[in-house]
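Colleague: how does the following fold in three dimensions:
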Amino acid sequence: MRGKQLREIRGRMGLTQGQLAACLRTTLNTVARWERDEVEISGPVSLLIEIVAREAGVANSATHTGRSRQVAPPKPAKSPRATYPKGKGRKSKSTIQRKRR
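Modeller: Now for the predicted structure:
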C-alpha cells in the first residue's frame, strides 16, 4: 500500500490523520509519514488498514493493493511438552545445591 492509497482511504472514511492513528494504535506523525511515503507501510499494517476500512464501509477498490496474498501452509504441530505451574516443577541443579547449604 502506498501513501496516496492510504490518504484516499482515510478521506473516504472521513477521518483526520489523528483519528486514523488512534484507530490503528499509532501516532499522528506515523500516519503523516506513511501518507508522504517517507516510511513504508508494512504488510501487517496494510492488512489492518484494509480491515478497518472494510468495517467502516469503504469500497474494496480503494483498499485493494494490487498484490495477491499467498497463504502459507500450516506448520506441523509440535510434540507436547510437560508444562509446570510457575515456580513449581523441575528445579535446576544450582537451586538444589543452594538449598542443601
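Colleague: got the phi/psi numbers for Ile51?
Modeller: Ile51 adopts backbone torsions of phi -70, psi -50, taken as degrees, to the nearest 10.
Colleague: how far away is it from Glu38?
Modeller: Distance of Ile51 to Glu38, given as C-beta to C-beta, to the nearest Å: 24 Å. Any C-beta I mention is one placed from the backbone N, CA and C, and that applies to glycine too.
Colleague: I'd like to know which helix or strand in this structure has the lowest mean pLDDT.
Modeller: Ranked by mean pLDDT, DSSP states H and E, the helix or strand of the chain with the weakest confidence is helix 60-63, at a mean of 54.
Colleague: now for the host helix or strand of Ile49, which elements pack on it?
Modeller: Element membership of Ile49, judged by DSSP states H and E, is helix 43-55. Applying 3 or more C-beta pairs under 8 Å, 6 or more residues apart in numbering; DSSP states H and E, one finds that helix 43-55 contacts helix 3-13, helix 17-24, helix 60-63.
Colleague: for Arg33, phi and psi?
Modeller: With angles defined as degrees, to the nearest 10, Arg33 sits at phi -70, psi -40.
Colleague: please read the previous query as pertaining to Arg2.
Modeller: Dihedral angles (degrees, to the nearest 10) for Arg2: phi -100, psi 170.
Colleague: is it true that it touches Asp37?
Modeller: Yes. With contacts counted by C-beta atoms under 8 Å, Arg2 reaches Asp37, the gap being 6.4 Å.
Colleague: and the two? which has more neighbours close in?
Modeller: More crowded of Arg2 and Asp37, by other C-beta atoms under 10 Å: Arg2, with 15 against 12.
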